[in-house]
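> coords please:
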Amino acid sequence: MSCSVILLARTPSPDVTVAAAARLCYSDVSAVDLVQSESAEKVKGLLRHLRKSGHFSPFEHASFTFAVDGLSRVASHQLVRHRIASFSQQSQRYVSMTEPDVIVPPSIEADEELRSRFAEAVRDAHGLYTEMVARGIPKEDARFILPHGWSTRLVMTMNARELHHFFTVRLCRRAQWEIRALARKMLLLVREEAPLLFDTAGPPP
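Numbering: from 1, shown residues only. Presented below is the predicted three-dimensional model:
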């Protein structure tokens, strides 16, 4: 099972916005004039220079907001370690977990016996959760029985600088499979909208 990722919103003309912000530092004209005068070739060259020189602060002027569904809480805990970002996550305190919905790792999915036992353990945990809620236990307490693999939803916003860092560490082969798959989908989405900003994004070769 793979999570779904949708790009909800972004800074208009992110490539040009970042280039204009960088050029403004050394220009005597307004940011509006700079935006209007930028060409694709000039933007591409400037962004390449910014990356090469390690001057990433202009990248912070472009932000991207994603809706993510079907991610485990294991992966969401990894996500929130990226502190230069904003997150809003589905609450197990207020939302009833009415159906078992757990992300199964491929290594477990591939073993028929373990997959069956895994599913049984999830059903047992969810059954006890449902019983506790029915008997008046607050959802915020009953949720303690639910596994880390429980599926969640969230909205997150990152600027282009943090996204570059995110893609560097989360597309690395050392990253866990689930967050790596999420990062791949996010990179494809932002490259469609800002190809010059993210043409070299990802782990070092």
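> report the longest helix in the protein, please.
In the chain, taking DSSP state H as the definition, the longest helix is helix 112-134.
> and the closest residue to residue 93 other than its chain neighbours, how many residues sit next to it?
For residue 93, ignoring the flanking residues on the chain, the nearest one in space by C-beta to C-beta, 6 or more residues apart in numbering is residue 140 at 4.1 Å. C-beta here means a position set from N, CA and C on the backbone, and glycine is covered the same way. For residue 140, the neighbour count with other C-beta atoms under 10 Å is 11.
> now the one 4 residues further on
The burial metric for residue 144, expressed as a neighbour count using other C-beta under 10 Å, is 10.
> which strands and helices sit next to the helix or strand containing residue 191?
Using DSSP states H and E, residue 191 sits in helix 177-193. Packing partners of helix 177-193 (3 or more C-beta pairs under 8 Å, 6 or more residues apart in numbering; DSSP states H and E): strand 4-10, strand 63-72, helix 73-79, helix 160-170.
> which residues sit against it?
Helix 177-193 has contacts (C-beta atoms under 8 Å, 6 or more residues apart in numbering) with 2-3, 5-7, 10, 14, 64, 66, 68, 71-72, 74-75, 78-79, 103, 105-106, 160, 163, 166-167, 170-173, 175, 197-199, 201-202.
> go again using 7 Å as the cut-off
For helix 177-193, contacts defined as C-beta atoms under 7 Å, 6 or more residues apart in numbering pick out 2-3, 5, 7, 10, 14, 64, 66, 68, 71-72, 74-75, 78-79, 103, 106, 163, 166-167, 170-171, 198, 201-202.
> Could you list the domains of this structure?
Here the domain assignment for the chain is 4-88+151-193, 98-145, based on automatic domain parsing.
> So which of these is the most surrounded?
When you average the neighbours per residue for each of the domains of the chain (mean count of other C-beta atoms under 10 Å), domain 4-88+151-193 leads with a mean of 17.
> Distance-wise, check the nearest residue to residue 101 once chain neighbours are set aside relative to residue 107.
Leaving aside its sequence neighbours, residue 101 sits nearest to residue 151 (C-beta to C-beta, 6+ apart; 4.3 Å). To residue 107, residue 151 is 18 Å away according to C-beta to C-beta, to the nearest Å.
> One more: residue 92?
Here the distance between residue 92 and residue 107 works out to 25 Å (C-beta to C-beta).
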